[in-house]
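Visitor: can't give you the sequence, but here's the structure:
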């Protein structure tokens with residue numbers, strides 16, 4: 001197993017190198033975030049152990065950039081007690097775990113062993129996935145349902161190729177995770193994986209973001225900038241929300257796919273690139289083509305292989321697995337000991353339609369872990385929005401032994417959230433997902449001052 005240790009304290013770095021070397025690990029070191037990035041860019045590591053507090057580039061920033069270069073890379077942060085909040089926040093952004101300084105050697109060795117052994121049970125060697133019988137699994141993606149197994153099988157077949165892949169599915173279904181898996185299990189996995197959300201960048205800036213520009217190419221272009229396609233050379237680029245791209249920019253993207261080259265803005269120089277393109281959309285591109293909003297020739301270039309992700313409502317057998325995963329994740333992030341959820345909650349979650357898909361489920365479970373008072377999540381810990389469709393049934397399986405009306409449940413939720421926020425009505429309305437005015441009207445309705 002190859003480890004990269006990153007710390008600007010030379011003596012601490014030498015100590016860790018010696019200790020972990022004696023444990024049989026192949027250890028590499030870096031004394032700065034910048035040097036660590038170079039090593040990750042050009043090498044392969046099973047795990048990175050990195051200090052948070054470093055000069056010029058701290059561990060949090062280095063971690064973000066490493067994850068961009070190597071999606072799925074395992075990173076453990078080392079932090080002083082006073083920086084624990086930063087480390088916990090970093091776990092939300094992709095860190096696997098953190099360990100406090102001064103380092104307890106036994107704890108560190110145990111943590112490394114647990115993480116690396118877990119990785120080995122998921123992926124073996126360079127295989128695109130690991131199959132148990134006829135089941136497929138990918139790191140970081142949860143799904144035992146037949147619908148997701150079909151997706152996983154498709155990923156395992158397409159990942160080793162250079163074919164362009166179009167991932168389609170509703171918002172919140174995990175399109176980016178599938179893109180990560182395709183790159184991470186391809187022959188390009190040691191090369192950059194660059195992500196671009198076409199909907200989040202203004203149209204006037206997207207061309208420069210993708211293809212780069214020369215100094216003076218337009219007002220405000222005070223220096224040369226390399227675009228995302230240049231950065232992704234030899235690797236993969238993920239174009240999320242591809243349907244939001246303008247028709248003129250679609251024509252330039254088509255050229256990249258057909259001719260494997262592009263010209264930065266303001267430059268007459270043609271740059272050759274070797275890139276795999278993975279794209280995603282939550283729209284029906286056939287309809288976009290019919291409405292003249294998407295080029296048909298570009299569609300065929302992008303859609304060499306199409307992977308359709310099912311909405312959460314059609315893979316409800318995965319909800320218990322996802323729920324357990326999010327409870328464990330946010331219990332650790334928020335330093336709480338939540339053991340699970342009641343049967344009433346399980347029934348409620350499985351009957352809800354989940355219009356926001358996995359992203360909505362994750363939000364609900366994070367909120368529940370924060371608000372619950374006991375070791376188990378109960379119906380009172382869930383947002384009111386989960387209840388209406390369940391309430392329409394006269395004999396709902398999630399109800400407690402004593403039937404509770406929706407109004408009573410809503411009142412309890414509002415009062416509990418107010419208490420948790422110290423009476424802050426703005427924060428309460430945000431947590432409940434309603435406007436402040438709606439909250440005030442409900443408080444008046446329930447006679448709460």
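Guide: All right, it came through fine. Computed from a predicted model, the values in this text were never measured in an experiment.
Visitor: Specify the residue ranges that define each domain of this structure.
Guide: What the TED database lists as the domains of the chain is 2-120, 146-310, 313-386, 406-446.
Visitor: Out of those domains, which is closest to residue 138?
Guide: domain 146-310 (4.6 Å; Cβ to Cβ). The way it works is simple: take the backbone N, C-alpha and C, and place the C-beta from them, glycine included.
Visitor: if you average pLDDT over the closest one, what comes out?
Guide: Across domain 146-310, pLDDT averages out at 91.
Visitor: And residue 322, its phi and psi?
Guide: phi -70, psi -40 (degrees, to the nearest 10).
Visitor: nope, residue 77 is what I meant
Guide: Dihedral angles for residue 77 - degrees, to the nearest 10 - are phi -100, psi 140.
Visitor: How about residue 155?
Guide: Here is the backbone geometry of residue 155 (degrees, to the nearest 10): phi -60, psi -40.
Visitor: circling back: okay, the domains of the chain in JSON lines with mean neighbour count next?
Guide: Below are these laid out as JSON lines (neighbours: other Cβ atoms under 10 Å):
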{"stretch": "domain 2-120", "mean neighbour count": "17"}
{"stretch": "domain 146-310", "mean neighbour count": "18"}
{"stretch": "domain 313-386", "mean neighbour count": "18"}
{"stretch": "domain 406-446", "mean neighbour count": "15"}
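Visitor: Take those and write them to a markdown table, including distance to residue 138.
Guide: Below are the domains of the chain laid out as a markdown table (distance: least, Cβ to Cβ, whole Å):
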| stretch | distance to residue 138 |
| --- | --- |
| domain 2-120 | 9 |
| domain 146-310 | 5 |
| domain 313-386 | 14 |
| domain 406-446 | 32 |
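Visitor: can you give me the strands in the stretch 201-350 of the chain?
Guide: For the stretch 201-350 of the chain, the strands defined by DSSP state E, counting those that start in this stretch cover 236-240, 261-262, 271-272, 276-281, 305-308, 340-341.
Visitor: Kindly present the ones you listed as a markdown table, with separate columns for distance to residue 146.
Guide: Listed next are those as a markdown table, based on distance: least, Cβ to Cβ, whole Å:
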| stretch | distance to residue 146 |
| --- | --- |
| strand 236-240 | 26 |
| strand 261-262 | 41 |
| strand 271-272 | 43 |
| strand 276-281 | 22 |
| strand 305-308 | 14 |
| strand 340-341 | 25 |
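Visitor: Out of these, flag the one nearest residue 70.
Guide: Of the strands of the stretch 201-350 of the chain, the one closest to residue 70 (Cβ to Cβ) turns out to be strand 236-240, at 11.8 Å.
Visitor: What strands flank that closest one, and is each parallel or antiparallel?
Guide: strand 193-197 (parallel), strand 276-281 (parallel) (DSSP bridges).
Visitor: Would you mind listing the outside residues contacting it?
Guide: Applying Cβ atoms under 8 Å, 6 or more residues apart in numbering, the contact partners of strand 236-240 are 175-176, 179, 182-183, 186, 188, 191-199, 228-229, 245, 253, 275-280.
Visitor: Residue 166 is in contact with residue 308, isn't it?
Guide: No: Residue 166 sits out of contact with residue 308 when judged by Cβ atoms under 8 Å, with a separation of 9.3 Å.
Visitor: Disregarding residues adjacent in the polypeptide, which is nearest to residue 192?
Guide: With sequence-adjacent residues excluded and distances taken as Cβ to Cβ, 6 or more residues apart in numbering, residue 192 is closest to residue 235, at 3.9 Å.
Visitor: Please state the backbone phi and psi of the residue most central in space within the chain?
Guide: Compute the mean C-alpha point of the chain, and by Cα atoms, centre = their mean the closest residue is residue 177, 6.6 Å away. Main-chain torsions, residue 177, degrees, to the nearest 10: phi -60, psi -40.
Visitor: Identify the residues contacting it.
Guide: For residue 177, the contacting residues are 140, 141, by Cβ under 8 Å, 6+ apart.
Visitor: What distance do you get for it to residue 171?
Guide: Here residue 177 is placed at a distance of 13 Å from residue 171 (Cβ to Cβ, to the nearest Å).
Visitor: thinking again about what came up before, any idea how far the residue nearest to the centre of the chain is from residue 162?
Guide: With Cβ to Cβ as the criterion, residue 177 and residue 162 are 21 Å apart.
Visitor: Also residue 335?
Guide: Distance from residue 335 to residue 162, counting by Cβ to Cβ: 44 Å.
Visitor: Just give the closest residue to residue 340, not the sequence neighbours.
Guide: Distance criterion Cβ to Cβ, 6+ apart; nearest residue to residue 340, sequence neighbours excluded, is residue 376 at 6.0 Å.
Visitor: what residues are up against that neighbour?
Guide: 338, 339, 340, 341, 342.
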